[in-house]
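[1] following is a predicted model, sequence given first.
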Amino acid sequence: MKDNFSLRIKIAYIFIFVFGAVIATRLFFVQVVHSNDYKELASRQYVAPSAGYFDRGAIFFKKKDGQLISAATIKKGFILAINPKILNDAELAFTKISAVTQIDKDMFFKSAAKKSDTYEEVGRRLSNEEADKIKLLKLKGVDIYSEGWRFYPAGSLASRVLGFVGFNGDKLEGRYGLEKYYENILGRKEDNGGSANSFAEIIMDIKKTVSDNTPNGDIVLTIEPEAQSFFEESLRGVLDKYNAEMAGGIIIEPKTGKILAMASVPNFDPNAYGGTKDLSLFMNPSTQNVYEMGSIMKPLTLAAALDQNKITPETTYSDKGFVVFNNKRIENFDGKARGTVSMQEVLNQSLNTGAVFAMQQLGKEKFLEYIKNYGFGEKTGIDLPDEVQGLISNLNSMRDIEFATASFGQGIAVTPIEMALALSALANGGALMKPYVVERIKSQEGLDKNIEPVQKRQVLKKETSETISRMLVNVTDKALMGGVYKMDHYTIAAKTGTAQSIKSGGDKGYNEEEYIHTFFGYAPGFDARFLTLLYLVKPQGVKYASHSLSEPFMNITKFLLNYYQVPPDR
Amino acid sequence: MTKVLAGKIENQGAKKLFGIVIFVIIMAGCFYLYFLGATIKGIINSSDNTKRLQTVSSEYQQLEENYYTLLGRFNLEYAHSLGFVDQPKNEFAVREIAVAQR
């Protein structure tokens, strides 16, 4: 009995030993003897990502119905590479490959001749179909690797807001615009794994989850693609018509500070930014340039004086056509006197002397206080990179002439976004809002972050906002190009501005024949949904903004009222 | 007698242990086969899904590109070229007196 049992144990031991030996021998053949064959076979079974496979979070526009449309995404394709060391018949390989996709013949043979190299890229951004066909050719020494690259499906749309991804040294990262500002959210740490199959991916994903604390995510913009597209088309039209140096603008929701559209033309195609010779096109002038905005400043001056009960719309003054401060003469745009005129007429006829009068009623200290409260001279805090602040330091001198010119928008230079925010206070009941371009950060970990409107401070009383809005609606209805743009069923508050441009190259003073045209307006006038600010730099053959920008403004406003189905308010 | 009993008990203990070892080996083998199979199935599904996802996402990208192309084309001029005519006067329905007051 005992012998029988021992025998069975011995047989079991022998069986286990033989089984182990068979496995070990098989492993030896698989891993050592036929190692290269299996590697070759495996490399044909899956497509390996190229080393440093590019990955990055997406940027979305948000349509009015909430639908997200990609503004920046990752496009996937394939790299065609050869291993010259094992590529035997380069001629045959080229003939077969070029029947599937176009490749540079010279470059291919030059690469194939580098027999000491093991990796030479001969084609990039191949499609799925092309990659599949090349794989089926089963050419020894020809490999396919997947790759990804930043792609902007809308081309140049909102390019000066989006920015682009480019090399900073040897690292690909956001270089301008939102791509730069949200680098920490959009950027992805490079996987060092290089090649990967699904097994490796599982392990890599676990490792990433455990070790990576960076909040990877996508961003959703406040920018509405159709409004942005219409806006850019309108700006391009006015740029071409007046052969201007630049046309730009902002459409903002005055109540929230949400940017619905922001553009400046000319712009660039971020998919091919390398072809852009003028590097200034990468900047966003709405946040990175300052301009003397001209007469669109007048409503802000008058609103400040109204807010302090120093004037009313009916207050009159005697207009001699000019005023003199510090031996300098300030005239109305036409140099003409109008006699006794009301504050409403100051806006209707855009009288410089009237704006100076309102500022004087307010007093220099109070005026400066309002200028600062409107947010001039401070960054708005918009989520775009390298924002600059307005230049209002000349008001610190307390010289009369500086305050006089500032009251009608000359002598102080502000960014368009600063101006849009200050003007929004006229439209929204007097609040200075913080502007924003991103309204949601979609986290890959599942906890999305919504960006809510932020009120920085109350600048004007609600009643002041209503009064100045009424005055500005009157400007559109009666004064703007003789009232031809009046809309019967919508109230539109608006004001034009024309300022001489500052001499460039460090010279002091203004260019006599070069202007910056500005225009702002909001609708509906007493419950504003949108505020549009336009600026046109150095237009040719047109002197006043009322001639160059009224029509584009009205077209944009009509589009917005229709598109957002805003009900009539009168 | 005591010796014989002790030998029997020892034998039975070794047999039991041997049985447990064989059972554990068989179970481990079975589990190995099961998990290996499940993993391979998972990988196949995953690569199928990845491929499908890639196709769908490239189709989606194409649709988005088309959307942007159309966005640039559909404007008022295009509408006019197709025969759209602006309404000369907008008329809005206005209820001047509430129905209940009539």
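    Structure's in. What do you need? Numbering: from 1, shown residues only, chains lettered A, B, ... in the order given.

[2] over to A:Ile11: give its phi and psi.
    For A:Ile11, the backbone dihedrals (degrees, to the nearest 10) come out as phi -60, psi -40.

[3] residue numbers of chain B in contact with chain A?
    Residues of chain B lying close to chain A by Cβ under 8 Å from any Cβ of the partner chain are B:7, B:11, B:15, B:18, B:22, B:39, B:43, B:46-47, B:54-55, B:57-58, B:61, B:64-65, B:67-68, B:71-72, B:75, B:90, B:92. Every C-beta, even on glycine, is put in place using the N, C-alpha and C of the backbone.

[4] of those, which count as buried by neighbour count?
    Neighbour-count burial (16 or more other Cβ atoms under 10 Å in any protein chain shown) applied to the residues of chain B next to chain A gives B:Gln61, B:Glu64, B:Tyr67, B:Tyr68, B:Leu71.

[5] show me these that map onto helices.
    Counting by DSSP state H, these place B:Gln61, B:Glu64, B:Tyr67, B:Tyr68, B:Leu71 in helices.

[6] spatially, what comes nearest to the second one if we skip its sequence neighbours?
    By that I understand B:Glu64. In this structure, B:Glu64 finds its nearest non-sequential neighbour in A:Pro153, 4.7 Å apart by Cβ to Cβ, 6 or more residues apart in numbering or on different chains.

[7] just the third one next, same as before
    Spatially, and ignoring its direct neighbours in sequence, B:Tyr67 is nearest to A:Ile69 (6.6 Å; Cβ to Cβ, 6+ apart).

[8] surely the one you found touches B:Asn66?
    No: using Cβ atoms under 8 Å, A:Ile69 is not in contact with B:Asn66; the gap is 11.4 Å.

[9] among these two, which residue is more densely surrounded?
    Each of A:Ile69 and B:Asn66 has its neighbours counted (other Cβ atoms under 10 Å in any protein chain shown); A:Ile69 has more, 19 against 11.

[10] follow-up on the earlier one: dump the ones in helices among the buried ones among the residues of chain B next to chain A into CSV; add pLDDT and distance to A:Arg188 as well.
    As requested, those are exported to CSV (pLDDT from 0 to 100; distance: Cβ to Cβ, whole Å):
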residue, pLDDT, distance to A:Arg188
B:Gln61, 89, 19
B:Glu64, 92, 21
B:Tyr67, 92, 26
B:Tyr68, 91, 25
B:Leu71, 85, 29
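
[11] quick one: the helices in chain B, in order.
    With DSSP H as the criterion, chain B has helices at B:2-73, B:76-81.

[12] so how far is A:Ser229 from A:Glu369?
    Noted for A:Glu369: a distance of 41 Å to A:Ser229, by Cβ to Cβ, to the nearest Å.

[13] tell me which of these two has more neighbours.
    Set A:Glu369 next to A:Ser229 and count neighbours by other Cβ under 10 Å: A:Ser229 wins out with 21 against 14.

[14] quick one, grab the pLDDT at that one.
    For A:Ser229, the model assigns a pLDDT of 95.

[15] swap in A:Pro225?
    For A:Pro225, the pLDDT comes out at 96.

[16] before we move on, what about B:Leu76?
    Reported pLDDT at B:Leu76 in the predicted model: 74.

[17] okay, now it: neighbour count?
    Neighbours of B:Leu76 under the rule other Cβ under 10 Å: 13.

[18] so what's it up against?
    By Cβ atoms under 8 Å, 6 or more residues apart in numbering or on different chains, the contact list for B:Leu76 reads B:Phe84.

[19] rerun at 7 Å
    If you count contacts by Cβ atoms under 7 Å, 6 or more residues apart in numbering or on different chains, B:Leu76 has none.

[20] and if you look at A:Leu460?
    For A:Leu460, counting by Cβ under 7 Å, 6+ apart, the contacting residues are A:Ala303, A:Asp307, A:Ala425, A:Gly430.

[21] can you classify it as helix, strand or coil?
    coil (DSSP: H, G, I helix; E, B strand; the rest coil).

[22] which residue does the stretch 301-450 of chain A bring closest to chain B?
    As assessed by Cβ to the nearest Cβ, chain B sits closest to A:Gln444 within the stretch 301-450 of chain A, at 15.6 Å.

[23] phi and psi next, for that residue.
    Dihedral angles of A:Gln444 (phi, psi; degrees, to the nearest 10) stand at phi -70, psi -20.
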